[in-house]
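1. Next come a sequence and a model predicted from it.
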Amino acid sequence: MKCTTPEWHQQLTSTNSVLIERVRSGAALSDGFVLAAHEQTAGRGRSDRRWVAQAGRDLTFSFLLRGPIDFPHIASLPMASVLGVAEALEALGLAVQTKWPNDLLIERRKICGVLAESCAADTVVVGIGLNVNMRREEADSIGRPVTSIAMEMGEEYDVQETLGFVLPPIERWISRWRARGFSGLRAAWIQRCANVGEYVEVGDGEERRTGVVVGFGEAGQMLLREDDGRHSEVWVGDVAF
């Protein structure tokens, strides 16, 4: 995948929502098109949760993938995107961990999340939120452990330059995913994954399961050894540990 020069906006509701609307309205947008906003008024995460980002201080953007995507391999698309951001942050000297299926952590504090949404035949929009200049007092008000590049590095970063920095490794990991699916990600994901070998609670909504994460299947689904010893596959859900 080769990303286009990002189309920046001062304010959007949600880069994912706006890009999906443009695709469905028939806009001629190419594979790799990038839409970014300095401020989102209705940013979204998984399960329609609100994504909190500081206006003008954190990075929110989406990119478009066009072309055949074999189900169930789309399940590992967010994982490829997370690995791209991980590579960029590691180049800054940060030690990062992945969290299945779509988060990036530093010492168990979330710094990045990914939301992939199918919006038309052979078309997927991938949204990424990255905490760039969030301050400690802002992070403390969110109610869950989060961090930012600035908090970890002790200095602030230009948001537009940060996007230019993270796009090339994302391109590389998406290209690897397109060529090989999760098999092209497996070693890198497991090396960084905070969940492997840990006892977790995972599920979507009221359907929750507990057990030890023993690995990942051919499409990136979580393999869980449940409390009764049975092994199961988890395709979607949030992980608590």
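-> Looks like it arrived, so ask away.

2. and the lengthiest helix in the chain, what does it pack onto?
-> If you go by DSSP state H, the chain has its longest helix at helix 159-180. Helices and strands touching helix 159-180, by 3 or more Cβ pairs under 8 Å, 6 or more residues apart in numbering; DSSP states H and E, are strand 34-37, strand 59-66, helix 77-91, strand 123-130. Every C-beta, even on glycine, is put in place using the N, C-alpha and C of the backbone.

3. buried residues in it?
-> 159, 162-163, 165-167, 169-171, 173-174, 176-178 (16 or more other Cβ atoms under 10 Å).

4. can you list the residues you listed in TSV and add distance to Gly127?
-> Below are the buried residues of helix 159-180 laid out as TSV (distance: Cβ to Cβ, whole Å):
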residue	distance to Gly127
Val159	16
Thr162	16
Leu163	13
Phe165	18
Val166	13
Leu167	14
Pro169	17
Ile170	12
Glu171	16
Trp173	16
Ile174	14
Arg176	20
Trp177	16
Arg178	18
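
5. Of those, just say which sits nearest to Arg108.
-> Val166 (21.5 Å; Cβ to Cβ).

6. Report the contact partners of the residue nearest to the closest one when sequence neighbours are not counted.
-> Leaving aside its sequence neighbours, Val166 sits nearest to Ala88 (Cβ to Cβ, 6 or more residues apart in numbering; 4.2 Å). With contacts defined as Cβ atoms under 8 Å, 6 or more residues apart in numbering, Ala88 is in contact with Phe165, Val166, Pro168, Pro169, Ile170.

7. Check which helix or strand the residue nearest the centre of the chain maps to.
-> The centre of the chain sits closest to Val114, judged by Cα atoms, centre = their mean, with a distance of 2.2 Å. Secondary structure assignment for Val114, by DSSP states H and E: strand 109-120.

8. No more questions from me, cheers.
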